[in-house]
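Novice: sequence below, structure please.
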Amino acid sequence: MAWGRKKTGGRKEPQFGLGASLAELRLTLKDRIAPAEEDRPKKQAAKRKIVETDDEDDEDEAPVERKPRASRSARKRRSTRTRLRLLRLVYWGVVLGLWGAIAAVGVIVWVGAHLPAIQSLEIPKRPPTIQITGADGSVLAVRGEMPGANVALKELPPYLPKAFIAIEDRRFYSHHGIDPIGIARAAVANILHRGVSQGGSTLTQQLAKNLFLTQERTFQRKLQEVELALWLERKHSKAEILELYLNRVYFGSGAYGVEAAAQRYFGKSARNVTLAEAAMLAGLVKSPSRLAPNRNPDGAEQRAQIVLAAMAEAKFITEAQAQASIGHPSYNVKPVGAGTINYVADWIGEVLDDLIGQIDQNVVVETSIDPRLQAVAEAAVIDELAAKSVRFNVTQGALVAMAPDGAVRAMVGGRNYAESQYNRAVTSKRQPGSAFKPFVFLTAIESGLTPETIRQDAPIDVKGWKPENYTHEYFGPVTLTQALAMSLNTVAVRLGLEVGPKNIVRTAHRLGISSKLDANASIALGTSEVSLVELVGAYVPFANGGLAVSPHVVTKIRTADGKVLYMRSADQLGQVIEPRNVAMMNTMMQETLLSGTARKAELPGWMAAGKTGTSQDFRDAWFIGYTANLVTGVWLGNDDNSPTKKATGGGLPVEIWTRFMRVAHQGVTATPLPASQTSGFFSTIAQASPPANVGANPSSTAVAGRLAPTRASVRAEPASGLDGWLINRLFGR
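Specialist: Okay, the predicted model is just below:
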């Protein structure tokens with residue numbers, strides 16, 4: 001080791017002390033002490049030997065590079081980083097979990113805030129039932145939501161509730177309102193079927209929806225359903241929930257609850273249904289409208305078989321019981337309610353609010369409907385249309401029968417209520433054609449004319465409008481009676497212009513027409529639309545001596561325990577037609593049945609009168625006829641207002657009217673019309689051989705009567721007005 005160096009140049013100051021002695025101290029590789037061979041790790045030594053051997057064998061090859069082994073501190077640092085990552089993961093998991101919990105609580109609070117008011121979260125009252133009875137006290141129909149009476153669970157056959165559990169909620173007794181397993185199963189099934197094939201709602205959820213919520217399919221409504229289901233499970237026992245469900249669920253055809261459904265479909269109490277019937281009821285819940293057995297018996301039967309198989313799988317019944325019920329089902333399904341009495345029930349439902357206000361309890365509505373006459377009217381309309389609708393291209397008909405006090409005894413609003421609930425007797429308004437002419441002639445009579453007043457039947461031009469008779473024939477001077485009986489249009493128009501359209505409108509409104517009428521020249525031919533029920537009501541004063549009436553069907557409304565809520569009082573509308581004018585009008589309209597357009601409407605033993613009507617292009621055919629006992633109107637046509645094949649008021653409507661009225665008057669003592677004279681007087685002025693129909697153009701009615709009068713057959717107008725007319729009638733002068 002050298003402690004100094006030879007001076008190479010330049011002056012160098014001397015240094016003293018320890019610094020000076022160590023200033024030139026340097027260590028080389030040779031100065032380092034090599035570790036003993038035995039102190040080296042064996043593995044490193046072995047590697048070194050291998051390297052040395054290789055070097056000896058092949059000096060041309062480069063030595064193998066050895067990777068330095070990771071130190072303990074590096075491994076420790078990596079372990080620390082791993083632990084930190086795990087800690088961060090746990091930390092953020094906890095944070096996210098807390099935020100998720102907060103969000104869940106927020107959703108629950110938000111959904112709860114949008115639930116129904118807390119006071120309504122009790123079992124609500126049943127919707128009211130409206131029972132409609134006839135004049136004889138018999139039940140005609142039931143309206144409202146038509147729930148049946150509550151039936152206790154213990155009163156039902158055990159297989160009935162089990163059928164619902166088997167098909168709707170197999171785990172009903174093991175969940176607490178929500179069934180996660182059922183939801184998962186339904187989700188898997190729906191995914192596999194690529195659509196909604198199963199539902200995961202429990203019976204408790206369905207009850208919550210039926211009691212408190214709407215049927216809309218939204219996420220909010222589903223969350224509300226879940227909350228309410230949990231609330232119901234906490235508040236009520238399983239037996240109470242099942243009983244509530246069975247008495248609330250909808251079964252189609254307006255039936256709520258198993259009792260109402262059993263009565264509707266099987267005509268028996270739910271306490272007495274068979275196993276097969278119980279399975280059918282349970283199967284309806286999935287799709288009550290589509291599977292209703294009175295509308296789709298095959299679909300209901302197939303669904304019932306699925307329910308029976310589910311009951312057997314759940315061990316609620318044996319395989320033998322299931323096979324016996326599937327192979328030999330005992331159903332007594334009542335047909336769907338197609339009866340025309342439903343038109344009456346709908347009409348009653350529309351007027352109840354005006355009579356007693358909002359209904360919040362079960363009520364019984366007593367009506368003026370005669371069940372026997374209702375059945376006769378229904379058969380008359382349906383049978384005649386079935387036989388002749390194709391021939392005349394007529395698809396619909398309506399009939400209203402009314403007593404002289406305005407009480408409706410029968411009403412048919414269409415040929416089949418199940419196919420169409422549109423009430424053509426009350427709601428529909430159509431042109432009455434010549435059936436409106438009595439108001440024209442009454443206005444003329446009230447202005448001083450008489451049934452034998454002569455007017456010209458000849459072409460007429462009203463500012464370019466040229467109304468014509470049905471056969472385009474004209475008969476010259478005719479009496480008003482002849483003109484009305486044969487429905488001569490030109491005479492009606494002349495009278496209308498003579499007395500004034502506004503006066504005709506006033507007369508019609510005074511007698512009971514409530515529709516808007518246009519006061520123009522064509523009003524004489526019935527061009528303004530009216531309903532059948534108001535037209536029949538306006539004819540009633542001719543039958544009762546001139547008293548105004550208000551058409552009605554409800555006579556009394558009471559609660560189920562007998563408390564009277566409404567009682568109809570007698571009309572106090574007064575005299576709207578003078579008795580002598582009633583007498584003349586009745587005599588004139590009697591001749592319509594004797595020698596005019598409605599000869600087929602003769603009613604043996606009874607004095608009857610009326611008027612036919614046919615609207616433009618034969619779109620509507622009418623006949624309104626009456627006795628002192630009953631006023632009945634018939635309308636036929638098409639809902640789309642398309643023309644018929646020349647169906648006239650003197651044809652099919654008269655035939656329906658006659659069929660109904662003959663049965664309606666059986667056993668009733670014959671009574672003459674108010675102040676009318678003996679019929680048949682004008683038969684002496686008509687020819688014997690019947691000609692082709694005359695009288696109305698397409699705006700009026702075809703005449704199915706005798707030959708039109710000639711000039712020689714026309715009587716002179718009495719100069720002394722009403723007195724002269726009565727003398728001529730009594731003494732033949």
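Novice: quick one: the helices in the stretch 251-400 of the chain?
Specialist: Taking DSSP state H, counting those that start in this stretch as the test, the helices found in the stretch 251-400 of the chain are 258-266, 275-284, 288-291, 297-313, 319-327, 341-356, 371-392.
Novice: could I get the last one in CSV with only the CA atoms?
Specialist: Listed in CSV are the C-alpha atoms of helix 371-392, where the atom choice follows Å, rounded to 0.1, in the frame of the first residue of the first chain:
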residue,chain,number,x,y,z
PRO,A,371,-140.8,-9.0,-17.5
ARG,A,372,-143.4,-10.8,-19.6
LEU,A,373,-143.7,-7.9,-22.1
GLN,A,374,-140.0,-7.5,-22.2
ALA,A,375,-139.6,-11.1,-23.2
VAL,A,376,-142.3,-10.8,-25.9
ALA,A,377,-140.7,-7.6,-27.3
GLU,A,378,-137.2,-9.2,-27.4
ALA,A,379,-138.5,-12.2,-29.2
ALA,A,380,-140.5,-10.1,-31.7
VAL,A,381,-137.5,-8.0,-32.7
ILE,A,382,-134.9,-10.8,-32.8
ASP,A,383,-137.1,-13.3,-34.6
GLU,A,384,-138.3,-11.0,-37.2
LEU,A,385,-134.8,-9.7,-37.9
ALA,A,386,-133.5,-13.2,-38.1
ALA,A,387,-136.1,-14.1,-40.7
LYS,A,388,-136.0,-11.0,-42.9
SER,A,389,-132.9,-8.9,-42.1
VAL,A,390,-131.0,-10.3,-45.2
ARG,A,391,-133.9,-9.7,-47.5
PHE,A,392,-134.3,-6.1,-46.5
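Novice: ok, which of the helices of the stretch 251-400 of the chain comes nearest Gln421?
Specialist: When those are compared by C-beta to C-beta, helix 341-356 sits nearest Gln421, at 6.6 Å. To be clear about C-beta, it is placed using only N, CA and C from the backbone, and glycine gets the same treatment.
Novice: what packs against the closest one?
Specialist: strand 129-133, strand 139-144, strand 363-367, helix 371-392, strand 408-412, strand 554-559, strand 564-567 (3 or more C-beta pairs under 8 Å, 6 or more residues apart in numbering; DSSP states H and E).
Novice: would you turn these into JSON lines with distance to Val536?
Specialist: Listed next are the helices and strands packed on helix 341-356 as JSON lines, based on distance: least, C-beta to C-beta, whole Å:
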{"stretch": "strand 129-133", "distance to Val536": "21"}
{"stretch": "strand 139-144", "distance to Val536": "20"}
{"stretch": "strand 363-367", "distance to Val536": "17"}
{"stretch": "helix 371-392", "distance to Val536": "12"}
{"stretch": "strand 408-412", "distance to Val536": "9"}
{"stretch": "strand 554-559", "distance to Val536": "17"}
{"stretch": "strand 564-567", "distance to Val536": "24"}
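Novice: if we can go back for a sec, deepest-packed of the helices of the stretch 251-400 of the chain, please.
Specialist: Counting by mean count of other C-beta atoms under 10 Å, helix 275-284 has the highest mean neighbour count of these, with a mean of 27.
Novice: gap between that one and the chain center?
Specialist: 25 Å (C-alpha atoms, centre = their mean, to the nearest Å).
Novice: what does it contact?
Specialist: 157, 159-160, 163-164, 166-168, 251-252, 258, 261-262, 265-266, 270, 273, 291-293, 300-301, 303-308, 311, 317, 321, 325-326, 329-331 (C-beta atoms under 8 Å, 6 or more residues apart in numbering).
Novice: need the nearest residue in space to Val258, chain neighbours excluded.
Specialist: Ala270 (4.2 Å; C-beta to C-beta, 6 or more residues apart in numbering).
Novice: in stretch 421-439, what's buried?
Specialist: By 16 or more other C-beta atoms under 10 Å, the buried positions in stretch 421-439 come out as 423-439.
Novice: endpoint to endpoint, that stretch covers what distance?
Specialist: 32 Å (C-alpha to C-alpha, to the nearest Å).
Novice: poorly predicted segments of the stretch 301-450 of the chain, please.
Specialist: 327-338 (pLDDT under 70).
Novice: go on, the stretch 601-733 of the chain?
Specialist: Residues of the stretch 601-733 of the chain meeting the criterion pLDDT under 70: 676-733.
Novice: return the distance of the longest helix belonging to the chain from the chain's centre.
Specialist: Using DSSP state H to define each element, the chain has its longest helix at helix 72-113. Centroid separation for helix 72-113 versus its chain: 55 Å, with C-alpha atoms, centre = their mean.
Novice: name the helices or strands packed onto that helix?
Specialist: Using 3+ C-beta pairs under 8 Å, 6+ apart, helix 72-113 is in contact with helix 219-235.
Novice: Phe623: what secondary structure?
Specialist: Here Phe623 is recorded as strand under DSSP: H, G, I helix; E, B strand; the rest coil.
Novice: how many other residues sit next to the residue lying closest to it once chain neighbours are set aside?
Specialist: The shortest distance from Phe623 to any non-neighbouring residue, by C-beta to C-beta, 6+ apart, is to Pro653 (3.9 Å). Neighbour count of Pro653, defined by other C-beta atoms under 10 Å: 34.
Novice: give me the angle between the helix or strand where Pro653 lies and helix 371-392.
Specialist: Assigned by DSSP states H and E, Pro653 falls within helix 652-664. For helix 652-664 against helix 371-392, the angle by axes from the mean of the first three to the mean of the last three C-alpha atoms, to 10 degrees is 160 degrees.
Novice: pull out the buried residues from helix 652-664.
Specialist: Neighbour counts over helix 652-664 (16+ other C-beta under 10 Å) mark Leu652, Pro653, Val654, Glu655, Ile656, Trp657, Thr658, Arg659, Phe660, Met661, Val663, Ala664 as buried.
Novice: any chance of those in a markdown table, with distance to Val533 too?
Specialist: Below are these laid out as a markdown table (distance: C-beta to C-beta, whole Å):
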| residue | distance to Val533 |
| --- | --- |
| Leu652 | 20 |
| Pro653 | 16 |
| Val654 | 19 |
| Glu655 | 21 |
| Ile656 | 16 |
| Trp657 | 16 |
| Thr658 | 21 |
| Arg659 | 20 |
| Phe660 | 16 |
| Met661 | 18 |
| Val663 | 21 |
| Ala664 | 17 |
